[in-house]
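Asks: Sequence first, predicted coordinates after that:
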Amino acid sequence: MLAGIPLRVSLSCPNCHQPLHVQGLGQAEVCGSCMHEMPLPESTWLGWFGAEEVAEALACANGDGHEVSSMGGTSAQYAYGRRMPRCQVCKTDVPSTEFEAAAQRGHHICSCGEKLRVREANDLAKVMVPGAKFLIGEGATGNSGTEGKAASEPVMFSCMACAGSLTVDGSSRTIACGYCGGSNYLPDGLWLRLHPPRTVVTFFVVLELDGEAEGPGPELLARLAVSEDYDVRAAAARNPMLEPGLFATLAADDDSDVRRALAANPNLPAPIAEQLALDDDYQVRVAVVRHLTSARLAELAAHEEDSDVLKAIGKRRDLDEAVLKALATCSHYSGRVQAARHENSSDTVLRLLADESDSDVVRALKQRTKSAALLQAFAASESYDLREMVAADPNTPDAVLVMLSADTDSDVLKALVKREGELPRAAVMALARNYNVGELAQARPEYSAGVWARRKMWLAVLVVVVLIVVCIGAATGTLGVMAMVGRRLMRMMG
């Protein structure tokens with residue numbers, strides 16, 4: 001699938017300080033006011049449109065974009081976004097079926113008559129935008145940066161001193177007369193005719209989003225990899241077409257941005273990935289996590305102390321038991337949070353968190369479903385936070401709830417008595433006798449039901465005892481004596 005990224009750049013000429021509108025993706029641009037040639041090296045372009053800007057552009061909705069003002073180095077106002085190429089006069093889209101043929105003939109003529117320049121993407125475009133195929137809509141200087149210095153046809157002009165004829169081709173504003181040798185300065189009107197003011201140009205990079213993308217040649221990447229500018233080296237480092245021999249060179253680069261870009265390279269060799277996993281810069285370690293084997297991930301997780309690196313490890317969905325155990329026993333709480341959250345964490349891994357007291361880890365455990373065996377293990381934990389979590393968990397077995405009713409921590413007991421759902425009667429009656437939560441427990445419906453059940457039980461016992469006494473008295477002939485003793489006892493109690 002093809003996608004389009006519109007680009008627009010305006011500068012301030014360092015010579016005359018007039019606006020200088022960049023006409024296309026070239027190595028230099030000529031000021032239309034003073035004819036000063038301003039170099040635009042690869043590092044400048046990559047500073048404007050690096051990997052982050054390209055990713056932002058592709059993430060935009062069709063027709064949306066970003067505008068940026070850069071005051072550091074070369075002062076510039078530039079914009080980028082997402083849209084397929086279109087004519088800037090009538091806003092008609094250029095048919096994608098015309099791209100190949102238009103690139104061969106060098107242009108596309110719009111239905112309004114406007115002529116749009118079309119060419120295949122150059123090496124710079126392929127470095128900036130991996131998968132770049134075409135450049136569409138550039139101005140006259142988009143290729144070499146020097147086109148358009150001279151007028152297309154000579155203009156006749158008279159010498160101010162001797163009236164001799166002068167041939168003006170627009171290459172210089174000061175013309176020497178061939179007759180008298182006098183110096184003639186071309187007036188503004190003539191100069192503007194030879195060099196019409198350049199307007200803002202929006203040109204488009206068309207790229208292939210899938211399939212085999214043609215990248216910059218190995219010679220260009222080799223040159224970029226040893227550039228003095230770190231932005232250029234970073235662009236080379238992230239390019240999937242990088243030659244194998246350059247990985248080791250860039251892995252030893254002094255600039256962390258270059259090493260970070262290399263760590264994000266999809267073709268990063270395993271030995272280089274292991275080297276970058278020991279990098280001093282945490283962002284390099286974050287970027288390289290995606291390339292590491294399970295054994296190397298486990299080593300990294302066991303000793304890592306940066307939360308961003310541990311979060312990057314936790315985002316990998318293919319983590320095995322060894323890595324998850326390393327996270328669960330990590331000294332940094334963030335690693336234990338990742339173990340608590342990860343979908344592959346078994347009860348064996350989660351049991352390693354049985355004495356956890358960090359609130360973030362406990363919060364992560366609360367958000368996942370736990371087995372009855374795991375809840376029982378947490379109920380025996382030394383951490384009151386975990387016991388409180390078990391007390392509130394709707395899946396906690398009754399036997400565990402009864403065990404927790406004898407807990408010595410008031411927060412655990414409060415969580416137990418306030419839990420939703422029915423509590424076992426034995427747990428409620430135990431809680432009702434506790435001075436910390438007794439009133440709360442007695443307000444639960446299970447308590448009233450338990451008291452009434454206990455009264456019914458004692459009444460039944462009393463009835464049985466009376467029947468037994470009556471039977472014994474009848475059998476021994478002492479029923480009258482027993483009745484008299486019973487009446488006296490009742491009077492004494494009354």
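Replies: Great, that's in hand.

Asks: Phi, psi for Val9 please.
Replies: Main-chain torsions, Val9, degrees, to the nearest 10: phi -140, psi 130.

Asks: Okay, and the beta partners of it?
Replies: Legend: beta-bridge partners of Val9 under DSSP bridges are Tyr78.

Asks: Check the gap between it and Pro39 for me.
Replies: Spatial separation of Val9 from Pro39 under the definition C-beta to C-beta, to the nearest Å is 14 Å. C-betas here are computed from N, CA, C, even on glycine.

Asks: And these two? Which one has more around it.
Replies: Regarding Val9 and Pro39, a neighbour count based on other C-beta atoms under 10 Å identifies Val9 as having more, with 27 against 11.

Asks: How about the contacts made by the more buried one?
Replies: Residues in contact with Val9, defined by C-beta atoms under 8 Å, 6 or more residues apart in numbering, are 21-22, 48, 76-78.

Asks: That one and Gln376, how far apart?
Replies: Summarising the geometry, the distance separating Val9 from Gln376, computed by C-beta to C-beta, is 66 Å.

Asks: How about Arg419?
Replies: Counting by C-beta to C-beta, the gap from Arg419 to Gln376 is 16 Å.

Asks: and what of Ala339?
Replies: Relative to Gln376, Ala339 is positioned 20 Å away (criterion: C-beta to C-beta).

Asks: low pLDDT regions in this protein?
Replies: For the chain, applying pLDDT under 70 flags the ranges 71-74, 140-154, 191-192, 195-197, 210-217, 447-467, 469-470, 472-494.

Asks: element containing the residue nearest the centre of it, please.
Replies: Of all residues in the chain, the one closest to the mean position by C-alpha atoms, centre = their mean is Ala312, 10.1 Å from it. Assigning secondary structure by DSSP states H and E places Ala312 in helix 307-314.

Asks: which strands and helices sit next to that helix?
Replies: helix 282-288, helix 294-303, helix 321-328, helix 333-341 (3 or more C-beta pairs under 8 Å, 6 or more residues apart in numbering; DSSP states H and E).

Asks: how far does stretch 378-391 stretch from start to finish?
Replies: This stretch, stretch 378-391, spans 10 Å end to end (C-alpha to C-alpha, to the nearest Å).

Asks: again with stretch 437-446
Replies: By C-alpha to C-alpha, the extent of stretch 437-446 from end to end equals 15 Å.

Asks: Are we agreed that Arg363 is in a helix?
Replies: Yes - residue state for Arg363 (DSSP: H, G, I helix; E, B strand; the rest coil) corresponds to a helix.

Asks: Tell me how many other residues crowd it.
Replies: Arg363 sits with 14 neighbouring residues when counted by other C-beta under 10 Å.

Asks: In this structure Ser227 contacts Ser43, no?
Replies: Yes - in terms of C-beta atoms under 8 Å, Ser227 counts as a neighbour of Ser43; the distance is 6.9 Å.

Asks: now the strands for the chain?
Replies: 2-12, 19-21, 28-30, 37-39, 65-70, 76-81, 107-109, 115-120, 132-138, 155-158, 165-168, 174-176, 183-185, 203-208 (DSSP state E).

Asks: Name every strand pairing with the fourth one and say which way it goes.
Replies: Strand 37-39 has the following strand partners under DSSP bridges: strand 28-30 (antiparallel).

Asks: Distance from the chain centre to stretch 157-164, please.
Replies: On the basis of C-alpha atoms, centre = their mean, to the nearest Å, stretch 157-164 is displaced by 68 Å from the centre of the chain it belongs to.

Asks: so where do the helices sit in the stretch 351-494 of the chain?
Replies: 359-366, 372-379, 384-392, 398-404, 410-418, 425-432, 438-442, 445-476, 479-493 (DSSP state H, counting those that start in this stretch).

Asks: Could you count how many residues lie near the closest residue to Thr199 other than its chain neighbours?
Replies: If you skip the residues right next to it in sequence, Thr199 has His21 as its closest partner in space, 6.3 Å away by C-beta to C-beta, 6 or more residues apart in numbering. Applying other C-beta under 10 Å, we find 17 other residues in the vicinity of His21.

Asks: Would you mind confirming that Arg82 makes contact with Leu7?
Replies: No - Arg82 is not in contact with Leu7 according to C-beta under 8 Å; the separation is 11.3 Å.

Asks: Looking at these two, which is more packed in?
Replies: The neighbour count for Arg82 versus Leu7, taken as other C-beta under 10 Å, is higher for Leu7 (28 against 18).

Asks: thought that one was touching Arg83?
Replies: No - Leu7 sits out of contact with Arg83 when judged by C-beta under 8 Å, with a separation of 10.8 Å.

Asks: what is in contact with those two at once?
Replies: Overlap of the contact sets of Leu7 and Arg83 (by C-beta under 8 Å, 6+ apart) consists of Phe204.

Asks: ok, back up a step: which pair in the contacts of Val9 spans the largest distance?
Replies: Across the contacts of Val9, the two members that end up farthest from each other (C-beta to C-beta) are His21 and Trp48, 14.1 Å apart.
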